[in-house]
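1. I'll drop the sequence and a predicted model, then ask my questions.
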Amino acid sequence: MTMRTESRTLLELDAVRKSFGGVAAVASLSLGVPAGSVMGLMGPNGAGKTTVINLVTGMFPLDAGCIRLAGDDIQGLPAHRIAARGIVRTYQNVRLFSGMTALEQVLAGCFLRRGTSLFASFLGTPAARAAQARATEHARHLLARVGLAHRADVLAETLSYGEQRRIEIARALGAAPRLLLLDEPTAGMNAQESAAIGRLVHELRDAGLTVLMVEHNVRLVTEFCDHAAVMSFGRLLVAGTPAECIAHPDVQTAYFGHSADAERIRALR
Amino acid sequence: MELFAEQVLNGCALGALYALFAIGFGLVFATLGILNAAHGTYASWAAIAALAATERLGLPFPLAVLAGVVAGGLLALFVDQVAFQPLRARGAGMLAALITSIAFWIILDSLAGFATGQQSLSFPQGSYPARMYHLGTMPLPAMQLLTIAAMLVATFGIHLLVRRSRFGAAMRAVGWNGAAAALGGVNPRMVVLATAFLAGATSGLAGVLAGISTQNVSFSLGEGLLLKGFAAVVVGGYDDVRGAAIAGVALGIAEVITAQYLSTSLRDGITYALLLGFLLVRPRGLFGRAGFVRA
Amino acid sequence: MDWLSDTWAAYQSTLGFAAVNAVLALSTYAVLSAGVLSFASVSYAAFGGFLGAQVMLHAGIGPLLALPAAILAGGVLSFLVALIFLRLEGHWMALASLALVLITRVVVLNAPALTGGVNGLSIPVELPIGVLILLLLLLMLIFQRLAVSWYGIAARAVREDPAVAASLGMSPRRVQMIAFLISGAVGGAGGVLLAVMLQFLSPDTYFVNIAFTMIASVVLGGSYHWAGAVAGAAVFTALPVIAQAVVPAMQDVANGVALLLIMIFLPRGLIDPRAWRRRRAARRRNA
């Protein structure tokens, strides 16, 4: 913790606004994600968290505002260029490619670091073959990293939901991101699996990656995130350490509604 | 000038046939997501059925037309249930349905050839209204007026049905997302059946009227309508009945006028030249909106 | 002995047409494998076919030398088509490409200098069946290389989910542009090979029927592997011949019914890599 330069901001959202059909999904949001840290993005359903990820990855254009990656303006770039700049994501509702094995999914994720031109790869020049072998090896390594080495040659859609989520993370890592955006990476996972994802995120951070994760699990955010931000109705309610955010009275209301509901929800957890 | 007016009327009548056919074809494409190559055969078979009803059963004109329309609708239902329903049940996409529709196109075309003895048949004189009305000195053949009226009634009727009724809302819901529509309380199965029947019946009407006015009842009847109706759907847009109708009429007029004043050899060419122009300038059709981008 | 040579002759021409249909089907597969349903292969074939025929007739060169001209013609046309089509949404692209097929015939009819107009074009050139098969094998090799290359991986990703592919750094537009160029080049080649097989081109040669032959071959054979296009073309070409031998009176009906049954029971086609993988997984679980 002491060695990290907290002042450097990798991702910066400046008064970002986006409406769909007159409804503001994100309303004037300003937020900075410090480099080399894990930030948890919280908020009730419909608060605009996924929209933030969609905007940062260039899936939709902004209505107003500015998004910067390490100081460079990236708004208006097409999605694949943003990925090439080092922002890669996963999806709330797992979106793997149908018909591909686990290894092929991750290999597809390695597209950006293939180290050879498409044409050389088609010709199968020795250099291209070597590069492709390296990429395949790297994909295997990434699968092992999410604990799925033994599933490499299995059709991904036949695997369990939790396994599919982990493949998606491995696929995103294949692109060698600087900023990893995880959209509810532990949804539908049990406590043990969730903790494994949390530990993986920590390892990635310690290797220099910046992570922004949408996460509902308050315990996970307090345990694994360095920073937290809470959104409600497209606005930022509060940002700070996870403990600060959760203690904030507005967050209690926004997240759990009335305190009676909060009790009921805690009982469910 | 009178010749011109006459030709415009001829064009409107011809275009009304294209429009009627296009409405059915577009309805299936928009609601069921199927590019149906067999759609032309519904028109051929409707004309054959109407002819049989006239000649074999001696039915009067309105009942013969009704027989053709119902035959077109039932045939569409049958093809839908045999060729498309099994694929829908298995979640196979639009591609497989295109191929089964090609299969039915081959089958029904060939059977239509047998039914007409590989000839071009025609409705006997006196089995359809042949009166000539006059506007000033300009002749207005009854069949042409009838065709245009049928097209207008069908267009407005279906437009109101799709845009204003509960059933139409259900149709649009199924066209957008069948699974979600089912969750929303729409019975997709009924919507599919009704849409298939309606589409077949509309195109069947086009077939019967075209069979009478062109004096040609054969398998080639449907093929001609399919190509021109398809062009009308592309120009007019498949998600709006009015677009297909206007485009159909416009194509009919353009064709007749071109044949009259330019050259008969350009008759077909003008349709497809217009098609190309529209693809370049207005690729979503007359009433097309910018697409809703889905992430 | 005569009987035998007659059978061979008939069989040989079926084989030849199957090979040509396979080339044309591969042209359609090339775009389909990147998520684009397009019938425009017919137009590339027409351009390549007529241009190649003219080159053969006027320059007096053989089909193998006319082939590069046809490939180039198809490629250039597909580039222009892609510039327009890639702006359209999927459903519209399919409709627009079918419209292009209809337009192609009008253009063919109105460009008699290139196409012979209504009279068509006679091409007294022959290509040995062995050479044709060799060309197809070469093309299959190319498609196999494409499939295992980074292009193939990107094309599969773009086909399955363009938005996700883009978020991994693949440009769907660029991938589909390459797909169009491959489709155009292969379509142009298929067009001139068809011309040589038929030895006569009419305005109806490159029309709706060949469009449906291409797409039916690909889907029938399986649109998730290049081998599907080849297998599908073989079956689709052989079906009418078999139907004629078995039920001559109702050959078209039998042909259609066979096509219908195959698609209903194998909607993903004869060759389906996903089904193989599922079966392999099931075997492993049982073992």
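-> That came in fine, so what should we check first? No experiment lies behind these values; they were computed from the predicted model shown.
2. how far away is the closest residue to C:Gly117 other than its chain neighbours from A:Gly234?
-> In this structure, C:Gly117 finds its nearest non-sequential neighbour in C:Leu109, 6.0 Å apart by C-beta to C-beta, 6 or more residues apart in numbering or on different chains. Glycine gets a C-beta too; all of them are placed from N, C-alpha and C. Computed as C-beta to C-beta, to the nearest Å, the C:Leu109 to A:Gly234 distance reads 59 Å.
3. Tell me which of those two has more neighbours.
-> More neighbours surround A:Gly234 than the other of C:Leu109 and A:Gly234, with 23 against 19 (other C-beta atoms under 10 Å in any protein chain shown).
4. residues in contact with the more buried one?
-> Neighbour list for A:Gly234: A:Ala24, A:Ala25, A:Val26, A:Ala27, A:Leu29, A:Ala47, A:Gly48, A:Thr51 [criterion: C-beta atoms under 8 Å, 6 or more residues apart in numbering or on different chains].
5. From those residues, which land in strands?
-> Using DSSP state E, A:Ala24, A:Ala25, A:Val26, A:Ala27, A:Leu29 are the members of these that sit in strands.
6. ranking these by neighbours, who comes first?
-> Neighbour max across these (other C-beta under 10 Å) = A:Val26, 28 neighbours.
7. ok, that one touching A:Leu55?
-> Yes. At 6.7 Å, A:Val26 and A:Leu55 qualify as touching, with contact defined as C-beta atoms under 8 Å.
8. Mind listing the shared neighbours of those two?
-> Shared contacts of A:Val26 and A:Leu55, counting by C-beta under 8 Å, 6+ apart, come down to A:Val16, A:Lys18.
9. now the residue of the stretch 151-269 of chain A found nearest chain C, which residues is it bridged with?
-> Nearest residue of the stretch 151-269 of chain A to chain C (C-beta to the nearest C-beta) works out as A:Leu155 at 4.7 Å. Judged by DSSP bridges, the bridge partners of A:Leu155 are A:Thr101.
10. For it, give me the pLDDT.
-> A:Leu155 is assigned a predicted lDDT (pLDDT) of 93.
11. contacting residues for it?
-> Counting by C-beta under 8 Å, 6+ apart, A:Leu155 touches A:Gly99, A:Met100, A:Thr101, C:Arg274, C:Arg277, C:Arg278, C:Ala281.
12. And the third one, how close does it get to chain B?
-> This means A:Thr101. 21 Å (C-beta to the nearest C-beta, to the nearest Å).
13. cool, the fifth one as well?
-> Using C-beta to the nearest C-beta, one obtains 18 Å as the distance from C:Arg277 to chain B.
14. Run a quick neighbour tally on B:Val8.
-> By the measure other C-beta under 10 Å, the count of residues near B:Val8 is 16.
15. er, B:Arg164 actually
-> 10.
16. separation between it and B:Ala150?
-> B:Arg164 sits 21 Å away from B:Ala150, going by C-beta to C-beta.
17. And for C:Pro273?
-> Taking C-beta to C-beta as the measure, C:Pro273 and B:Ala150 are separated by 50 Å.
18. how about low-confidence regions in the stretch 1-150 of chain C?
-> C:1-4 (pLDDT under 70).
19. residue ranges of the strands in it, please?
-> For the stretch 1-150 of chain C, strands defined by DSSP state E, counting those that start in this stretch occupy the ranges C:121-122.
20. and it, which residues reach chain A?
-> Counting by C-beta under 8 Å from any C-beta of the partner chain, the residues of the stretch 1-150 of chain C lying close to chain A are C:Arg145, C:Leu146, C:Ser149, C:Trp150.
21. what's near enough to touch B:Ala37?
-> Contact partners of B:Ala37, counting by C-beta under 8 Å, 6+ apart, are B:Leu98, B:Ser101, B:Ile102, B:Phe104, B:Trp105, B:Leu226, C:Phe212.
22. Thought B:Leu266 was touching the residue nearest to C:Gly117, still the case?
-> No. Assessed by C-beta under 8 Å, C:Leu109 is found out of contact with B:Leu266, at 9.6 Å.
23. Show the pLDDT at A:Ile265.
-> 57.
24. cool, B:Ala71 as well?
-> pLDDT at B:Ala71 comes out at 97.
25. B:Ser44 is in contact with that one, correct?
-> No. Between B:Ala71 and B:Ser44 there is no contact under C-beta under 8 Å: 10.5 Å.
26. which of these two has more neighbours?
-> B:Ser44 (33 against 24).
27. how about the nearest residue to the more buried one, chain neighbours excluded?
-> Using C-beta to C-beta, 6+ apart, the closest residue to B:Ser44 is B:Gly222 (3.6 Å).
28. I'd like the distance from that neighbour to chain A, if you could.
-> Following C-beta to the nearest C-beta, the distance that separates B:Gly222 from chain A is 37 Å.
29. From C:Leu137, how far off is that residue?
-> From B:Gly222 to C:Leu137 the distance is 40 Å (C-beta to C-beta).
30. first to last residue in stretch A:100-119, what's the distance?
-> End-to-end distance for stretch A:100-119, by C-alpha to C-alpha, to the nearest Å: 23 Å.
31. And that stretch, what's buried?
-> By neighbour count on 16 or more other C-beta atoms under 10 Å in any protein chain shown, the buried set for stretch A:100-119 is A:100-112, A:114-116, A:118.
32. where's it relative to the chain centroid, distance-wise?
-> 19 Å (C-alpha atoms, centre = their mean, to the nearest Å).
33. which strands and helices sit next to the lengthiest helix in chain C?
-> Counting by DSSP state H, the longest helix found in chain C is helix C:2-32. In terms of contacts (3 or more C-beta pairs under 8 Å, 6 or more residues apart in numbering or on different chains; DSSP states H and E), helix C:2-32 is packed against helix C:41-59, helix C:129-148, helix C:172-198, helix C:208-221, helix C:226-246.
34. can you map out the strands along chain A?
-> Under DSSP E, chain A gives strands at A:9-20, A:23-34, A:38-42, A:64-69, A:72-73, A:87-89, A:179-183, A:210-214, A:227-232, A:235-240.
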